[in-house]
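Enquirer: Need a 3D model of the following:
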Amino acid sequence: MPLTTVYLYSPNSYKIFAWAPFCISPFVYLYVKTVLRQSIRLKRKDLYVFLPMVLYMLNRIPFYLMSSQEKKDFIQSTFQNHSLYILEPEGLLPIGWAPTIRFIFLIVMTSVTLIELLFRRRKIWDMLFQIGKNKEIYRFHLIITSILFFGTIASFVGVILQLRLQIDGNRIILVSIWIELILITIYLFAQPKILYGITGWIQEQEPVKSIDEAIHLNTVGVEVGEQDDENIDYVTIHRGRNILKTIDEHFRLNHPYTKIGYTITDLSKEINIPAYLISVVINQEFGNNFNEFVNDARISYLKTWKESDSNFDNYSIEYIGNAVGFASRTSFIAAVKKRTGLLPKDYLIQL
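Expert: I've put the predicted structure just below:
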């Protein structure tokens, strides 16, 4: 938050979000790294990237120990000399060190993220094995990292203008932040499936688009597949195949998806596999979320039901939709049309 008179009425809120810049680039780095490596959990050492944030907040202890009046006096002095707001003399570090360290940390973390992107580019972009959706995900990660990099530079320029030319650089900083948020939001609206993660099994030495296309399934990843869940860093082809087999058998024998409001938590309890592993496997293998996966199963079940029930043609569209798990006629029609291009009535006739 830029310098504002609000601080005078609430001095304890002075730079209350000063820790945020030390978290933005680590979050971007961890997000990019885990998606590109198809990791399913963070490691303890990953948390070290937040250590500078902790140290920075410890640096601000002297300010927090001031009395309320002392804080107000200091804040009032920043209105008379804006450089005090930027150079942060209220902490343990020498004047000017805190903003310098912040800028260096942002640049270093952003550079490390770019290196991660370049290192993983070959498996996603340059090899014969390619998936269009994965290219979109790679572009998105490159865009958000580039936006962060140029946003950091813009903020630095704003600080220099403030210190050297006494030009208010807060507007530059705020505009750069808003531009970052707007661009990322627009991109996600245009490509929402980016959030499902990378499709295929890229982390393997010989990447494959799906488990069915995998070779040497009994030798690749078996050792990792037999480890305890606590030691899993990513889902191997071996483990993914076993999870999908378990889901397929459960769906084929019990048809649990016909229950309205069926969730991934329900499935997790029924087959005794953690929900996050189920989600990862579905995203990687099919490029869909769980709801889409279940709706696919419901539509496929219609053919089996029709073949086994002589009265099927006498049922109403509403009854059939509810019987296979759709909560409303509208959701049933939308799901059938999305997958077949036909209305339920026409599709059921063709079955």
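Enquirer: Tell me which stretches of the stretch 101-250 of the chain form helices.
Expert: 132-165, 170-190, 222-225, 237-254 (DSSP state H, counting those that start in this stretch).
Enquirer: Distance to Ile333 and mean pLDDT added to the ones you listed, as TSV?
Expert: From N, CA and C alone the C-beta is placed, and that goes for glycine too. What follows is these, written out as TSV (distance: least, CB to CB, whole Å; pLDDT from 0 to 100):
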stretch	distance to Ile333	mean pLDDT
helix 132-165	27	83
helix 170-190	24	77
helix 222-225	41	39
helix 237-254	23	94
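Enquirer: What is the least confident helix or strand in this protein?
Expert: Using mean pLDDT, DSSP states H and E, helix 222-225 stands out as the lowest-scoring helix or strand of the chain, at a mean of 39.
Enquirer: ok, back up a step: I'd like to know which of the helices of the stretch 101-250 of the chain lies nearest to Asp212.
Expert: Closest to Asp212 of the helices of the stretch 101-250 of the chain is helix 237-254 (CB to CB; 9.2 Å).
Enquirer: in that closest one, what's buried?
Expert: Residues of helix 237-254 classed as buried: Ile237, His238, Arg239, Gly240, Arg241, Asn242, Ile243, Leu244, Thr246, Ile247, His250, Phe251 (neighbour count, 16 or more other CB atoms under 10 Å).
Enquirer: do the same with stretch 133-149
Expert: Quick answer for stretch 133-149 (16+ other CB under 10 Å): Lys133, Asn134, Ile137, Tyr138, Phe140, His141, Leu142, Ile144, Thr145, Ile147, Leu148, Phe149.
Enquirer: Stretch 337-349 now?
Expert: Pro344, Tyr347, Leu348.
Enquirer: now it: how far from the chain's centre is it?
Expert: 33 Å (CA atoms, centre = their mean, to the nearest Å).
Enquirer: That one: end-to-end distance?
Expert: One end of stretch 337-349 sits 14 Å from the other (CA to CA, to the nearest Å).
Enquirer: quick one: contacts of that stretch?
Expert: 295-296, 299, 302, 306, 313, 317, 320-321, 332-333, 336, 350 (CB atoms under 8 Å, 6 or more residues apart in numbering).
Enquirer: can you pull the contacts of the closest residue to Asp266 other than its chain neighbours?
Expert: Of all residues beyond its chain neighbours, the one nearest Asp266 is Pro256 (6.8 Å), with distances taken as CB to CB, 6 or more residues apart in numbering. Neighbouring residues of Pro256 by CB under 8 Å, 6+ apart: His250, Tyr262, Asp266, Leu267, Glu270.
Enquirer: Poorly predicted segments of the stretch 201-350 of the chain, please.
Expert: For the stretch 201-350 of the chain, applying pLDDT under 70 flags the ranges 215-231.
Enquirer: typo on my end, it should be the stretch 1-150 of the chain
Expert: In the stretch 1-150 of the chain (pLDDT under 70), the answer is 1-3, 127.
Enquirer: What does Ser39 show for phi and psi?
Expert: phi -80, psi 150 (degrees, to the nearest 10).
Enquirer: ok, it to Ile247 distance?
Expert: Remark: distance between Ser39 and Ile247 (CB to CB, to the nearest Å) = 22 Å.
Enquirer: Go ahead and confirm Glu180 touches Gly151.
Expert: Yes - in this structure, Glu180 is within contact of Gly151 by CB atoms under 8 Å, at 5.1 Å.
Enquirer: number of nearby residues for Tyr9?
Expert: When neighbours are counted by other CB atoms under 10 Å, Tyr9 registers 9.
Enquirer: Return the residues in contact with it.
Expert: Tyr9 touches nothing, counting by CB under 8 Å, 6+ apart.
Enquirer: Relative to Lys71, how far out is it?
Expert: Applying CB to CB to Tyr9 and Lys71 gives a distance of 12 Å.
Enquirer: what do you get for Gly321?
Expert: 62 Å.
Enquirer: again, but for Phe129
Expert: Here Phe129 is placed at a distance of 59 Å from Lys71 (CB to CB).
Enquirer: which one of the two has more residues nearby?
Expert: Counted by other CB under 10 Å, Phe129 and Lys71 do not tie: Lys71 has more neighbours, with 21 against 17.
Enquirer: Could I get the contacting residues of the more buried one?
Expert: Contacts of Lys71 (CB under 8 Å, 6+ apart): Pro11, Asn12, Tyr14, Phe63.
Enquirer: secondary structure element for it?
Expert: If you go by DSSP states H and E, Lys71 is part of helix 68-80.
Enquirer: ok, then the element right after that helix?
Expert: Heading C-terminal from helix 68-80 (DSSP H and E), you reach helix 83-87.
Enquirer: Now the two most distant members of the contacts of Pro256.
Expert: Going by CB to CB, the pair spanning the contacts of Pro256 furthest: His250 and Tyr262, at 11.8 Å.
Enquirer: Can you give me the buried ones in the helix holding Lys71?
Expert: Buried, per 16+ other CB under 10 Å, within helix 68-80: Lys71, Lys72, Phe74, Ile75, Thr78.
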